[in-house]
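>>> how does the following fold in three dimensions:
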Amino acid sequence: MGRKEIVCSWKKPINNIKDVFDFKGKMGSGSFSEVFMVREKKTGKLFALKCLKKKHLTHSNLENEINVLKRIKHDNVIGLEDFYESRTHYYLVMQLVSGGELFDRILDRGVFTEKDASLVIKQVLEAVDYLHENSIVHRDLKPENLLYYSADENAKIMVSDFGLSKTLEHGVMSTACGTPGYVAPEVLAQKPYSKAVDCWSIGVITYILLCGYPPFFEENETRLFSKIMRAEYAFHSPFWDEISESAKDFIRNMMEKNPMKRFTTEQALRHPWISGNTAKDLDIYHSVCEQMERNFAKAKWKQAFHASTAIYHMKKLQVSHREHCSVTPLSLPHIIVQTSSQTDLESLGTSNDEALCMDPNGNPLHASSHLACIASEPSRGLCPPIRGHHREPNYLLAEPTEIHSMGSENDTSFMSSKRS
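Below you'll find the predicted structure:
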């Protein structure tokens, strides 16, 4: 059986990709592709190079990703710079971002306010508004796909990962896809849906930014989906006591169950919490981070794959250029990955009382059967058992392992080969 080919008029044939780029380090890997930090020999510019073997094309989202990325160019969207093809591989030359994921950055800040959250969401809205104007729905907006462009304090937010995105032809879609916890009610109900699903996801992200925990939480996925379909969430005391009514109003409009009544990106950008001065300047860092560390845990195992690699190589290039001196490589955190069974918890000295503490939604925070990571800091402990989406350490990777399909109707242009 012959290889499936990507038909693209602007792809560049190449015999050896190393004729064009110097490889500086591996930034991530998935089931079907790998991402490397590379330096273009001609210009000296740094990029992220996504490499996919042609024999794996039928199992990846690459063609869909390319078809979307080649149409868009926005300051807050990670761009596709070039596309190469060899006899055995496809290579996507992506804009390099090195500032880390949204939640990780917040945990590192030391100070965080509603105004900071508002600025983040405004940038996301501007990017998604641009996508919607160009008839593109992202369909998998979540914190992991919101990256900072650089380590600079005022770095911009970049939207990434377009493997599940879709170009609208008739205004509605029907394939059930996305990430549990961020997916809209109409998707779970297997109803035809529109770009309003992205606005729901932005509402969920906003909620988490202001309290540190998700609006919907259940160990059982069926009960989780049931809560989402009923739009059953609340602003719990004391976590929301200091949050402005304007912020809550914004979230209510974004997480409106009825997609016809839900805010569009245009309406959201006009809301006073985004465009006005109603976002409070009160520091909520400690309350947010306490919950964020409990529910999401700083993803050091992902940083080991991309952030440390990127930062090290960029610092090395920068220092060698400016000071002509050597650089000591950044040390990677000591990580142990294991299944958090009851036996594991006992061996770690975790009592039943600790394992069964309640989250703000009134759900027990006991360990799930998913993989848990133990970081080097004693206070970090097990990554909390948030029910949702486990993904391999990766960087700009969009692969079938990220898909949570809940049954679908005819949407043959999107990943039909991925359905079970």
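
>>> quick one, domains of the chain?
For the chain, the structural domains run 12-95, 102-293, 298-374, going by automatic domain parsing.

>>> next, Glu34: secondary structure please.
Counting by DSSP: H, G, I helix; E, B strand; the rest coil, the backbone at Glu34 sits in strand.

>>> give me the pLDDT value at Leu269.
pLDDT recorded at Leu269 is 98.

>>> identify the residues contacting Met94.
By CB atoms under 8 Å, 6 or more residues apart in numbering, Met94 lies in contact with 35, 47-50, 78-81, 396. From N, CA and C alone the C-beta is placed, and that goes for glycine too.

>>> and the least confident of the residues you listed?
Leu396 (46).

>>> first-to-last residue distance for stretch 214-228?
11 Å (CA to CA, to the nearest Å).

>>> now the stretch 251-400 of the chain, which segments are flagged as low pLDDT?
Scanning the stretch 251-400 of the chain for pLDDT under 70 picks out 297-400.

>>> this protein: strands as residue ranges?
12-13, 21-29, 33-40, 46-53, 80-85, 89-95, 136-137, 146-148, 157-159, 166-167, 336-339, 371-374 (DSSP state E).

>>> would JSON lines of those with distance to Arg294 be doable?
Converted to JSON lines, these look like this (distance: least, CB to CB, whole Å):
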{"stretch": "strand 12-13", "distance to Arg294": "48"}
{"stretch": "strand 21-29", "distance to Arg294": "26"}
{"stretch": "strand 33-40", "distance to Arg294": "30"}
{"stretch": "strand 46-53", "distance to Arg294": "31"}
{"stretch": "strand 80-85", "distance to Arg294": "37"}
{"stretch": "strand 89-95", "distance to Arg294": "33"}
{"stretch": "strand 136-137", "distance to Arg294": "32"}
{"stretch": "strand 146-148", "distance to Arg294": "20"}
{"stretch": "strand 157-159", "distance to Arg294": "24"}
{"stretch": "strand 166-167", "distance to Arg294": "34"}
{"stretch": "strand 336-339", "distance to Arg294": "19"}
{"stretch": "strand 371-374", "distance to Arg294": "13"}
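
>>> circling back: in PyMOL, how would I select the buried members of the contacts of Met94?
Restricted to buried positions by 16 or more other CB atoms under 10 Å, the PyMOL selection for the contacts of Met94 reads:
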select buried, resi 35+47+48+49+50+78+80+81+396
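
>>> which residues are in contact with the closest residue to Tyr84 other than its chain neighbours?
Take Tyr84 and drop its neighbours on the chain: the residue closest to it by CB to CB, 6 or more residues apart in numbering is Tyr91, 4.1 Å away. When contacts are counted by CB under 8 Å, 6+ apart, Tyr91 touches 14, 17, 49-52, 83-85.

>>> and of these, the nearest to Leu168?
Phe83 (23.2 Å; CB to CB).

>>> and that closest one, how close does it get to Gly44?
Remark: distance between Phe83 and Gly44 (CB to CB, to the nearest Å) = 21 Å.

>>> quick one, which of these two is more surrounded?
Counted by other CB atoms under 10 Å, Phe83 and Gly44 do not tie: Phe83 has more neighbours, with 18 against 10.

>>> quick one on the thing from earlier: most widely separated two among the contacts of Met94?
Val35 and Gly79 (15.0 Å).

>>> follow-up on the earlier one: mind putting the contacts of Tyr91 into CSV with distance to Phe225?
What follows is the contacts of Tyr91, written out as CSV (distance: CB to CB, whole Å):
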residue, distance to Phe225
Ile14, 45
Ile17, 43
Leu49, 37
Lys50, 32
Cys51, 36
Leu52, 32
Phe83, 37
Tyr84, 41
Glu85, 41
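
>>> let me know the closest of those to Val197.
Lys50 (25.4 Å).

>>> which residues does that closest one form beta bridges with?
Val35, Leu92 (DSSP bridges).

>>> share the number of residues neighbouring the closest residue to Ala196 other than its chain neighbours, please.
Nearest residue to Ala196, sequence neighbours excluded (CB to CB, 6+ apart): Pro259, at 3.9 Å. By other CB under 10 Å, the residues close to Pro259 number 19.

>>> show me what contacts Pro259?
Contact partners of Pro259, counting by CB under 8 Å, 6+ apart, are 184, 186, 193-194, 196-197, 200.

>>> thinking again about what came up before, now do the residue nearest to Tyr84 against Glu242, distance only.
For Tyr91 relative to Glu242 (CB to CB), the value is 49 Å.

>>> residue contacts, Ile274?
Ile274 neighbours (CB under 8 Å, 6+ apart): 118, 121-122, 125, 250, 268.

>>> hmm, try it at 7 Å
118, 121-122, 125, 268 (CB atoms under 7 Å, 6 or more residues apart in numbering).

>>> which residue ranges of the chain form helices?
62-69, 102-109, 114-133, 185-188, 196-211, 221-229, 245-254, 265-270, 272-275, 285-295, 300-303, 307-322, 342-347, 352-355 (DSSP state H).

>>> so which of those helices gets nearest Thr167?
helix 62-69 (6.5 Å).

>>> quick check: closest non-adjacent residue to Phe239.
The nearest residue in space to Phe239 (CB to CB, 6+ apart) is Cys211, at 4.6 Å.

>>> burial count for the one you found?
21.

>>> distance of it from Met229?
Taking CB to CB, one finds Cys211 at 22 Å from Met229.

>>> make CSV out of the contacts of Pro259 and add distance to Leu62 and neighbour count.
Listed next are these as CSV, based on distance: CB to CB, whole Å; neighbours: other CB atoms under 10 Å:
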residue, distance to Leu62, neighbour count
Ala184, 26, 28
Glu186, 28, 21
Tyr193, 24, 23
Ser194, 25, 19
Ala196, 27, 22
Val197, 23, 24
Trp200, 27, 27
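
>>> of all those residues, which two lie farthest apart?
Largest pairwise distance in the contacts of Pro259, by CB to CB, is 10.9 Å, between Ser194 and Trp200.

>>> re earlier: lowest pLDDT pick from the contacts of Pro259?
Lowest pLDDT among those: Tyr193, 79.

>>> I figured it hits Glu186, correct?
Yes: with contact defined as CB atoms under 7 Å, Tyr193 counts as touching Glu186 (4.5 Å).

>>> returning to that earlier point: quick one: contacts for the residue nearest to Phe239?
Counted by CB under 7 Å, 6+ apart, Cys211 has contacts 239-240, 288, 291.

>>> mind listing what's buried along stretch 81-91?
81, 83-85, 89-91.
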